[in-house]
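Undergrad: below: sequence and its predicted model.
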Amino acid sequence: MPDAAGPARPPLPSRPGALPQVPPPRTGYPAGPQGSVPQYGAPFLEEGPALPDDLDALEALVKACTRCPLHATRANTVFGEGHRDRPAVMFVGEGPGADEDRTGRPFVGAAGQLLDKMIAAMGLRREDCYIANVVKCRPPENATPTPDQAGHCLPYLEAQIRVLRPRFLVALGAAAAHALTGSQDGVARQRGRVQRRGDIPLVVTYHPAALLRNAEYKRPAWADLQLVMARLRNG
Ligand code: SF4
């Protein structure tokens, strides 16, 4: 039975660079497909372990993180980058690919170049936005992060959102949608409308890599981004 009070919050690191004693991701919500592994999603984000309200300190923790097996095969962690104080839009993708793993920067490969074009088409600059992923280390073979991997990494994303206070969240692809909405529905069922994550409006749309593979996704993706633009224009 889950502990109704939830796990005790771990202490913050006592010195720079020290890792917090983070418990395994679990609270009182349903077991995931691997039995003891929780579903990933908003409930975990809201109950995640305490992390510092400072992006540099968070990034240092991520660089040293060994909470899930993805640490063993990474070249670099990919924390995220962009406007650090209330960005117009925070885009959240799935995880780093080969180019991102090599450079330590998010969305710098072919999908990133398309994302840059999408941002420009919205009348924004990349530096107006913040770009991050659900997991900060590259899954081998560019696999979709497992719920276990995503669950271990989500506290960092949650802390980033808390510190950044983006005006709008855009979930790029199913993994980000699952993580940010808590729904296991796919993109097709979640896109096309403005949802909320706490007090932050949120739109789910296709990942740029999916747009590169399937041109028919471009029109609905543009419609989703227009929802964001309209909401930003109206305050
Ligand atoms: Fe840590 Fe996230 Fe990297 Fe896993 S993916 S090792 S939880 S930073």
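TA: Looks like it arrived, so ask away.
Undergrad: make it CA atoms for all contacts and neighbour counts henceforth
TA: Fine.
Undergrad: do you have the helices of the chain handy? List them.
TA: Using DSSP state H, the helices of the chain run over 42-46, 55-63, 98-103, 110-121, 147-164, 174-181, 187-190, 208-213, 218-233.
Undergrad: need the residues of the protein near the ligand, please.
TA: By the rule Cα under 6 Å from any ligand atom, the part of the chain lying against the ligand is 62, 65-68, 70-71, 135-137, 149, 152-153.
Undergrad: which one is residue 101 nearest to, not counting chain neighbours?
TA: residue 76 (5.3 Å; Cα to Cα, 6 or more residues apart in numbering).
Undergrad: residues near the one you found, how many?
TA: Other residues near residue 76 number 18, with proximity taken as other Cα atoms under 10 Å.
Undergrad: residues touching it, list them.
TA: By Cα atoms under 8 Å, 6 or more residues apart in numbering, the contact list for residue 76 reads 63, 101-104, 137.
Undergrad: by neighbour count, which of the residues you listed wins?
TA: Of those, with other Cα under 10 Å as the count, residue 137 tops at 31 neighbours.
Undergrad: isn't that residue up against residue 71?
TA: Yes. Residue 137 is in contact with residue 71 according to Cα atoms under 8 Å; the separation is 6.4 Å.
Undergrad: returning to what we had before: now render the residues of the chain next to the ligand as TSV, adding pLDDT and distance to residue 171.
TA: Listed next are the residues of the chain next to the ligand as TSV, based on pLDDT from 0 to 100; distance: Cα to Cα, whole Å:
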residue	pLDDT	distance to residue 171
62	97	21
65	96	24
66	95	25
67	94	23
68	95	22
70	97	22
71	96	24
135	98	13
136	98	15
137	98	18
149	94	18
152	94	18
153	96	16
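Undergrad: just the buried residues from those residues, in PyMOL please.
TA: One line in PyMOL is enough to select the buried ones among the residues of the chain next to the ligand; burial here means 16 or more other Cα atoms under 10 Å:
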select buried, resi 62+65+68+70+71+135+136+137+149+152+153
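Undergrad: may I ask which two of the residues of the chain next to the ligand are separated the most?
TA: Taking Cα to Cα, the two most distant members of those are 62 and 149; they sit 13.6 Å apart.
Undergrad: for burial, what's the neighbour tally of residue 151?
TA: Using other Cα under 10 Å, residue 151 has 25 neighbouring residues.
Undergrad: apologies, that question was intended for residue 213.
TA: Residues within reach of residue 213, counting by other Cα under 10 Å, total 9.
Undergrad: picking that back up, now, which of the contacts of residue 76 sits nearest the ligand?
TA: Nearest to the ligand, judged by Cα to the nearest ligand atom, of the contacts of residue 76 is residue 137 at 4.3 Å.
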